[in-house]
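Novice: coords please:
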Amino acid sequence: AMPAGGGGGSTERKLPMLLDIGTKGGALFLSLVLFIVPIIGYNIATGVFGYDEVEAGKWIGVGFTVVTLVVWMSTYIFRVATKDMTYAKQLKDYEDAVIAKRLEELDEDEVQALVEDIERDDF
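Specialist: Next up, the predicted model:
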């Protein structure tokens, strides 16, 4: 039988809090990085390469927006393809709970008959 928490949980996470985007610290760190990266890119484009400030700002803004959008969409498509979404997880947990409850309500001989039936189907 599965534990009430759905198995797994926070014991599987191996990243530090600031690098795990599933935590508040990770979200804060990611937001800070996404704020600073375009500024650094702008300073490099204008200072090191000598691009015009307005043109550099325009292209960095557009480029950063497009790259961020593509990355976000790819993560969403990956989560949809792997069914790693909240609704799919909740539905699976519900179905597992319903099956476990029905199994608890069966008599011992009915459980034994089910086990034998499953063993026969495996071969």
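Novice: report the buried residues of the one helix or strand Ile60 maps to.
Specialist: Applying DSSP states H and E as the criterion places Ile60 in helix 53-81. Using 16 or more other Cβ atoms under 10 Å as the test for burial, helix 53-81 gives 56, 60. Quick note: C-beta positions are derived from backbone N, CA and C, even for glycine.
Novice: do the same with stretch 34-53
Specialist: For stretch 34-53, a neighbour-count test (16+ other Cβ under 10 Å) marks 38, 42, 45-46, 51 as buried.
Novice: got a list of contacts for it?
Specialist: With contacts defined as Cβ atoms under 8 Å, 6 or more residues apart in numbering, stretch 34-53 is touched by 56-57, 59-61, 64, 68.
Novice: ok so, going back, from the chain's centroid, how far away is the helix holding Ile60?
Specialist: With Cα atoms, centre = their mean, to the nearest Å as the basis, helix 53-81 stands 19 Å off its chain's centre.
Novice: what about it, average pLDDT?
Specialist: Here helix 53-81 scores 94 as its mean pLDDT.
Novice: tell me the helix or strand right after it.
Specialist: Once the chain leaves helix 53-81, the next helix or strand it forms, by DSSP H and E, is helix 86-105.
Novice: where's the nearest residue to Leu106 once chain neighbours are set aside, which helix or strand?
Specialist: Ranked by Cβ to Cβ, 6 or more residues apart in numbering and with sequence neighbours excluded, the top spatial neighbour of Leu106 is Leu114, at 7.3 Å. In this structure, Leu114 sits in helix 108-122 according to DSSP H and E.
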